[in-house]
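Colleague: Provided below are the primary sequence and the corresponding predicted coordinates.
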Amino acid sequence: MNRLLSALAFAAHKHRDQRRKDAVASPYINHPIALANVLANEGDVDDERVLIAAVLHDTVEDTETSEQELIREFGQEIASIVLEVTDDQLLPTAERKRLQVEHAGTISRQAKLVKLADKICNLRDIAGSPPAGWSVERKREYFDWAKSVIDGLRGAHPLLEDIFDEAFRHRP
Ligand code: NDP
Ligand code: ZN
């Protein structure tokens, strides 16, 4: 519990000036908290490393956080899970999205659980509080891409995969 709370404080600080892309610009930290909540309370995941990695999952990609910093604060194992779900920001968007599909089956089981929760939460957000200005086509494109990623890791956690499929049923 103490380590999870320290990850929450760390992520809240790192994301403090960021907002989600929905119309009311929700605080960014709501999203990592939603992942951990889905994992623990819907997916029955009790692996502390997975819950902590979920809280931290967007720190390297979206804030000034380095791998070394995560290793120092949370250890090598958690840092590795976060890095496994971090896109290479130097690559063009289309390539990053293609690589997520290609790599989904090869990452660790812990990273697969974080990825499942991330896609579940993003589909729910796009269905319920979508990024401002997204057309129906763009929403559908995101749903279909997310499904290709998740189809690549099926078998990792059937319950979370069912929860993903339920979120997918709300495809616009
Ligand atoms: P973005 O990557 O720009 O946005 C999606 C990401 O935004 C999510 O993965 C999530 O990040 C984050 N996010 C923040 N707020 C929300 C929210 N409220 N709901 C859901 N996600 C949120 O978009 P795309 O994935 O669409 O990537 C760009 C692609 O879109 C390109 O491939 C481009 O070709 C295509 N495109 C399509 C258009 C169309 O009309 N069809 C128009 C323009 C571009 P995180 O996962 O980190 O939490
Ligand atoms: Zn995310």
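Modeller: Structure's in. What do you need? Ligands and ions are numbered 1, 2, ... in the order given.

Colleague: In CSV, list the C-alpha atoms belonging to the helix or strand hosting Ala111.
Modeller: Assigned by DSSP states H and E, Ala111 belongs to helix 109-128. The C-alpha coordinates for helix 109-128 follow below in CSV (Å, rounded to 0.1, in the frame of the first residue of the first chain):
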residue,chain,number,x,y,z
ARG,A,109,2.4,-10.7,-18.9
GLN,A,110,2.6,-7.8,-16.4
ALA,A,111,3.0,-5.3,-19.3
LYS,A,112,0.1,-7.0,-21.1
LEU,A,113,-2.2,-6.4,-18.1
VAL,A,114,-1.3,-2.7,-18.1
LYS,A,115,-1.9,-2.5,-21.8
LEU,A,116,-5.3,-4.1,-21.4
ALA,A,117,-6.3,-1.6,-18.8
ASP,A,118,-5.0,1.3,-20.8
LYS,A,119,-7.0,0.3,-23.9
ILE,A,120,-10.1,-0.4,-21.8
CYS,A,121,-9.9,3.0,-20.2
ASN,A,122,-9.2,4.8,-23.5
LEU,A,123,-12.2,3.1,-25.2
ARG,A,124,-14.4,4.1,-22.3
ASP,A,125,-13.1,7.6,-22.5
ILE,A,126,-13.7,7.8,-26.3
ALA,A,127,-17.2,6.5,-25.9
GLY,A,128,-18.1,8.7,-22.9
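
Colleague: Show me what it is packed up against.
Modeller: helix 30-37, helix 48-56, helix 76-84, helix 136-151, helix 158-168 (3 or more C-beta pairs under 8 Å, 6 or more residues apart in numbering; DSSP states H and E). C-beta here means a position set from N, CA and C on the backbone, and glycine is covered the same way.

Colleague: Now that we have those, can you turn them into a markdown table and tack on distance to Glu64 and mean pLDDT?
Modeller: Listed next are the helices and strands packed on helix 109-128 as a markdown table, based on distance: least, C-beta to C-beta, whole Å; pLDDT from 0 to 100:
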| stretch | distance to Glu64 | mean pLDDT |
| --- | --- | --- |
| helix 30-37 | 16 | 98 |
| helix 48-56 | 14 | 98 |
| helix 76-84 | 14 | 98 |
| helix 136-151 | 26 | 98 |
| helix 158-168 | 30 | 98 |
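
Colleague: Show me which residues of the chain sit near ligand 2.
Modeller: 58, 118 (C-beta under 5 Å from the ion).

Colleague: Pull up the residues of the chain that are close to ligand 1.
Modeller: 20-22, 31, 58, 93-94, 97, 118, 122, 125-126, 129-131, 135, 137-138, 141-142 (C-beta under 6 Å from any ligand atom).
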